[in-house]
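Asker: no sequence on this one, just coordinates:
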């Protein structure tokens, strides 16, 4: 998106929308993971009204972004500078949440092809788990790829009946929380255009139910595969007792299905704090399995209280129009999940309604191309 196109996007909203502001989004320059990330993150929270107002005396669940196997590295680089949550951003988040008075902090992820302990997965990914556990009193970890220690799953209904599924069955850790944090990377994605705070929520779905090797009659509590056949391609229904999709005759294209799945997941299990790491990341795709991937250093951090608005600002910072229709970058091969989430009432992707604090979009854009 050129500067002229950005200004056109800012001026494209109807007049009545300008009187209904969305939650603000904070942005910051940050050139390295070696500095005091907790201080930077704390200032960003202060620009939004303070972390304490969001987390004090509450249970906070932090959804990490650990997409794909930890053995799948790109050009031998550390996972955190390409497509994984960087461990130092997680450590900074734990410090800030603890100082703000969070009663309980739990790190979660539906780990690739395993229902084993999240701590082991983090160790395999090169994390210092002891340091993270000691970052705040009572830090916990949970792999939500199956039901884990719980007897059953929690049901999250999609407002309005859903776009693909009427409801989702998730690990009860996502029910036992007051504040859900999404820690994402600033990246492109083949089937959703961008993968930011909203797309990170796809990782809350348990492969025991929505995975390629999920049971036909009941969940597979020891899943060993991803979630392509059920979710991306729609070649089979999720394992009972999860409800089947609304319309089995709808398009099977991932570019149709995945944006709708992401939108409805965000409507059913809303994110309260969206954090997007763009200090170092990759452009051209979401992980090492994508051809043409590039290592980039936008030197940006983005924080907001609404995932749709935060992702809209992040999309603009990548040089794209967050309201772009299908067929235009970055949504060349998929529908715009931001607009679909808007339709479900999950938030606003209208830059006119979003106050950006800490800097101006046009001054901070890093074009992903």
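Answerer: Perfect, thanks for sending it. Because the structure is a prediction, the values reported are computed rather than measured. Numbering: from 1, shown residues only.
Asker: make it CA atoms for all contacts and neighbour counts henceforth
Answerer: Noted.
Asker: can you map out the strands along the stretch 101-250 of the chain?
Answerer: Along the stretch 101-250 of the chain, the segments classed as strands by DSSP state E, counting those that start in this stretch run 104-109, 140-143, 154-157, 167-170, 179-185, 187-189, 193-195.
Asker: which of those strands is buried the deepest?
Answerer: Among the strands of the stretch 101-250 of the chain, the stretch with the highest mean neighbour count (mean count of other Cα atoms under 10 Å) is strand 193-195, at a mean of 27.
Asker: which other helices and strands contact that strand?
Answerer: Using 3 or more Cα pairs under 8 Å, 6 or more residues apart in numbering; DSSP states H and E as the contact test, the elements touching strand 193-195 are strand 187-189.
Asker: Touching the host helix or strand of residue 23 from outside, list them.
Answerer: According to DSSP states H and E, residue 23 maps onto strand 22-29. Strand 22-29 is contacted by residues 40, 44-45, 47-48, 299-306, 309-310, 313, 347-348, 353-359 when judged by Cα atoms under 8 Å, 6 or more residues apart in numbering.
Asker: among those residues, which are in helices?
Answerer: 40, 44, 45, 47, 309, 310, 313 (DSSP state H).
Asker: residues in contact with the spatially most central residue of the chain?
Answerer: Taking Cα atoms, centre = their mean, the centroid of the chain lies closest to residue 200, which sits 2.4 Å from it. The contact partners of residue 200, taken as Cα under 8 Å, 6+ apart, are 63, 64, 65, 182, 183, 184.
Asker: Distance check, the last one against residue 344.
Answerer: The span separating residue 184 from residue 344 equals 22 Å under the rule Cα to Cα, to the nearest Å.
Asker: Any stretches of the chain with poor pLDDT?
Answerer: Within the chain, the stretches with pLDDT under 70 are 1-19.
Asker: rerun at 90
Answerer: Filtered on pLDDT under 90, the chain yields the residue ranges 1-21, 138, 369.
Asker: which one among the contacts of residue 200 gets closest to residue 140?
Answerer: Using Cα to Cα, residue 63 comes nearest to residue 140 of the contacts of residue 200, at 12.1 Å.
Asker: Just give the number of residues close to the closest one.
Answerer: Residues contacting residue 63 under the criterion other Cα atoms under 10 Å number 28.
Asker: What pairs with the strand holding residue 23, parallel or antiparallel?
Answerer: strand 300-304 (antiparallel), strand 354-357 (parallel) (DSSP bridges).
Asker: So for residue 133, which of the ones you listed sits nearest?
Answerer: Using Cα to Cα, those put strand 300-304 closest to residue 133, at 23.2 Å.
Asker: Quick one: work out the angle between the closest one and strand 179-185.
Answerer: Angle of strand 300-304 versus strand 179-185, following axes from the mean of the first three to the mean of the last three Cα atoms, to 10 degrees, is 160 degrees.
Asker: Would you mark the buried spots in strand 300-304?
Answerer: Neighbour counts over strand 300-304 (16 or more other Cα atoms under 10 Å) mark 300, 301, 302, 303, 304 as buried.
Asker: Just name the closest of those residues to residue 137, please.
Answerer: residue 303 (23.9 Å).
Asker: With adjacent residues omitted, what lies nearest to the closest one?
Answerer: Nearest residue to residue 303, sequence neighbours excluded (Cα to Cα, 6 or more residues apart in numbering): residue 275, at 4.6 Å.
Asker: Check whether the one you found really touches residue 183, as I assumed.
Answerer: Yes. Between residue 275 and residue 183 a contact is recorded at 4.9 Å, counting by Cα atoms under 8 Å.
Asker: Make JSON lines out of the buried residues of strand 300-304 and add distance to residue 169.
Answerer: Formatted as JSON lines, those follow (distance: Cα to Cα, whole Å):
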{"residue": "300", "distance to residue 169": "34"}
{"residue": "301", "distance to residue 169": "32"}
{"residue": "302", "distance to residue 169": "30"}
{"residue": "303", "distance to residue 169": "28"}
{"residue": "304", "distance to residue 169": "26"}
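Asker: which of those sit farthest apart?
Answerer: 300 and 304 (13.6 Å).
Asker: Quick one: name whatever helix or strand follows the longest helix along the chain.
Answerer: Longest helix in the chain by number of residues (criterion: DSSP H): helix 254-268. Using DSSP H and E, the next helix or strand after helix 254-268 towards the C-terminus is strand 273-278.
Asker: List of residues touching that following strand?
Answerer: Defining contact as Cα under 8 Å, 6+ apart, one finds that strand 273-278 is touched by 85, 89, 179-186, 196-197, 297-307, 310, 314.
Asker: now it, how far from the chain's geometric center?
Answerer: On the basis of Cα atoms, centre = their mean, to the nearest Å, strand 273-278 sits 8 Å off its chain's mean C-alpha point.
Asker: State the paired neighbours of it in the sheet, together with their directions.
Answerer: Each strand paired with strand 273-278, and its direction, by DSSP bridges: strand 179-185 (parallel), strand 300-304 (antiparallel).
Asker: buried sites along the strand holding residue 23?
Answerer: 22, 23, 24, 25, 26, 27, 28, 29.
Asker: How far away from the center of its chain is it?
Answerer: Centroid separation for strand 22-29 versus its chain: 16 Å, with Cα atoms, centre = their mean.
Asker: before we move on, back to that, can you redo the strands of the stretch 101-250 of the chain as JSON lines, where the extra columns are distance to residue 218?
Answerer: JSON lines is the format used below for the strands of the stretch 101-250 of the chain (distance: least, Cα to Cα, whole Å):
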{"stretch": "strand 104-109", "distance to residue 218": "22"}
{"stretch": "strand 140-143", "distance to residue 218": "19"}
{"stretch": "strand 154-157", "distance to residue 218": "15"}
{"stretch": "strand 167-170", "distance to residue 218": "12"}
{"stretch": "strand 179-185", "distance to residue 218": "28"}
{"stretch": "strand 187-189", "distance to residue 218": "31"}
{"stretch": "strand 193-195", "distance to residue 218": "30"}
